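**Q** Whatever this is, show me its structure:
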Amino acid sequence: MWIVFAFASAIFAGLTAILAKIGVKNVDSNVATAIRTVVIVIFAGFMAFMIKGYESELTLKSLTFLILSGISTGLSWLCYFKALQVGDVNKVAPIDKSSTVLTMILAFLFLREALTVIKIVGILMIGTGTYLMIEKKENTSYENTGKKSWLFYAILSAVFAALTSILGKVGITGIESNYGTAIRSVVVLVMAWIVVFTAKKQIEVKNIDKKTFIFLVLSGITTGLSWLTMYRALQDGQASVVVAIDKLSILFTVAFSYVAFKEKLNIKSFAGLIGITVGTLILLI
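**A** Down below sits the predicted model:
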């Protein structure tokens, strides 16, 4: 059953990237992240309340790791949406999804999950596919204007995303997954708004137009659904495999980015996408 939840997480995550890209188009990325997080906290809190997840016994260890996971998530988001503002979705997303490889390595080192030959083959294919997909396209707007910082922020996003999965896996051990997700969401919420107020960007909130606000809310809902399903999968499945399946959201992201933004893949990028997909599917063997 955990595999079903992992694939559901991938679908919702794929939708999130597109909705967020539209949502951050005309607003500061940190402000957008803060608004989305409000939606996620409400959504996750409602789910935890409905199924009485708060009745789970929360230990100091679980709380500590959930807070650390939330901090990593917040840092990953801030970097990811900053990268989305500058770079193309189908270039930023593959780098973010490359956190799969780092997650597998961390799962082997800290969670003692077996690193089999099949997993190594999958890692190599995912890594190679990612490399092919992130090759910069010529004559893109952010290159012409010298805005290449998207790559730096995308890489940081991947690193923090990998840490999030490992810390979250430990944090939800022994408690209801929706309850754990709600706690993490609160941590991210606090982080996001601290960043907004520190940068004195809170005034931008009232200047957000209706369309942008709607897409930010929708991306918050899909993110909440992605989180709830992924952490439910993490409770029963191996972190390295669950995260790999979740990162298949790149398929949906690329497809939707073509429909919404007319962003096309060149031959190398398409080959990279195939490599990521095949490498992920190999992990299910």
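**Q** for the chain, what helix or strand is lowest in average pLDDT?
**A** Lowest on mean pLDDT, DSSP states H and E among the helices and strands of the chain sits helix 141-144, with a mean of 44.
**Q** buried residues in stretch 253-264?
**A** Using 16 or more other C-beta atoms under 10 Å as the test for burial, stretch 253-264 gives 253-254, 256-257, 263. All C-beta atoms are positioned from the backbone trio N, CA, C, and that covers glycine.
**Q** Rounded mean pLDDT for that stretch, please.
**A** Mean pLDDT, stretch 253-264: 74.
**Q** what does stretch 168-179 give?
**A** Taken as a whole, stretch 168-179 has an average pLDDT of 84.
**Q** How about stretch 222-234?
**A** What stretch 222-234 shows for mean pLDDT is 87.
**Q** Could you check how far residue 244 is from residue 125?
**A** Separation of residue 244 from residue 125 (C-beta to C-beta, to the nearest Å): 11 Å.
**Q** Just want to know which of the two has more residues nearby.
**A** Each of residue 244 and residue 125 has its neighbours counted (other C-beta atoms under 10 Å); residue 244 has more, 28 against 21.
**Q** just to revisit the earlier point, quickly list what's touching both of residue 244 and residue 125.
**A** residue 279 (C-beta atoms under 8 Å, 6 or more residues apart in numbering).
**Q** Please tell me I have it right and residue 115 contacts residue 104.
**A** Yes - with contact defined as C-beta atoms under 8 Å, residue 115 reaches residue 104; the gap is 7.2 Å.
**Q** quick one, which of those two is more surrounded?
**A** Remark: of residue 115 and residue 104, residue 104 carries more neighbours, 26 against 15, as counted by other C-beta under 10 Å.
**Q** How about that one, nearest residue that isn't a chain neighbour?
**A** Closest residue to residue 104 apart from its sequence neighbours, by C-beta to C-beta, 6 or more residues apart in numbering: residue 240 at 4.2 Å.
**Q** For the one you found, give me the pLDDT.
**A** Note for residue 240: predicted pLDDT of 74.
**Q** got a list of what it touches?
**A** Contacts for residue 240 (C-beta under 8 Å, 6+ apart) come out as 103-104, 107-108, 113, 119, 283.
**Q** tell me what the helix or strand hosting residue 6 is packed against?
**A** For residue 6, the host element (DSSP states H and E) is helix 2-23. Helix 2-23 is packed against helix 29-50, helix 60-86, helix 89-97, helix 210-236, helix 239-246, helix 249-261, with contacts defined by 3 or more C-beta pairs under 8 Å, 6 or more residues apart in numbering; DSSP states H and E.
**Q** Would you reformat the ones you listed as JSON lines and include distance to residue 203?
**A** Supplementary listing: the helices and strands packed on helix 2-23 in JSON lines, determined by distance: least, C-beta to C-beta, whole Å:
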{"stretch": "helix 29-50", "distance to residue 203": "9"}
{"stretch": "helix 60-86", "distance to residue 203": "19"}
{"stretch": "helix 89-97", "distance to residue 203": "27"}
{"stretch": "helix 210-236", "distance to residue 203": "15"}
{"stretch": "helix 239-246", "distance to residue 203": "36"}
{"stretch": "helix 249-261", "distance to residue 203": "29"}
